[in-house]
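J.: Fold the stuff below for me.
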Amino acid sequence: MDKPSPVASPIEMPFWEAAKKGELIVQKCLDCNRFVFYPRIFCPHCHSDGLTWVKASGNGKIYSYTVVRSNPPSAFVKDLPYIVAIIRLDEGVTMLSNVVGCSPEEVEFEMPVQVVFEKLNEEFTLPKFKPIQS
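T.: Residues are numbered from 1 along each chain as shown. Below you'll find the predicted structure:
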């Protein structure tokens, strides 16, 4: 069973195209200078339509997480257990993703992480996060 693919709107396509190249990008408002994620048409802070795409650092910290230990028969059964986390990027925006490269027992709140990319299929490459080794 194949894993489901994201359903991307035209406004999100720059994000997915950058991910295919191994780059994490977010939007930045040209008027209030704040970062924006998830992709939008207007800035949620000042309502300007002056948004541009910028390269993100790819670094952040785990804000919150859960460990999925059971899943009805689906394409994700082989991944069990897996970690779903809200990552607060250094730019201040949050992103829902997976934490990889460590066991569920090693994950902690505020753990520093960095982006890695996993090719899902020919259309989509997913940003995931792994712990930064100190």
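
J.: ok, Val84 - contacts?
T.: Tyr65, Thr66, Val67, Val68, Leu96, Ser97, Asn98 (Cβ atoms under 8 Å, 6 or more residues apart in numbering). Placement of C-beta: from N, CA and C, glycine included.

J.: and the nearest residue to the second one once chain neighbours are set aside, what element?
T.: Distances taken as Cβ to Cβ, 6 or more residues apart in numbering put Val84 closest to Thr66, at 5.4 Å, once the chain neighbours are dropped. In this assignment (DSSP states H and E), Val84 forms part of strand 82-89.

J.: Now restrict the contacts of Val84 to buried residues only.
T.: Tyr65, Ser97, Asn98 (16 or more other Cβ atoms under 10 Å).

J.: of all the residues you listed, which comes closest to Trp16?
T.: Ser97 (13.9 Å; Cβ to Cβ).

J.: Show me what that closest one is bridged to.
T.: Ala85 (DSSP bridges).

J.: In the chain, where is pLDDT below threshold?
T.: 134 (pLDDT under 70).
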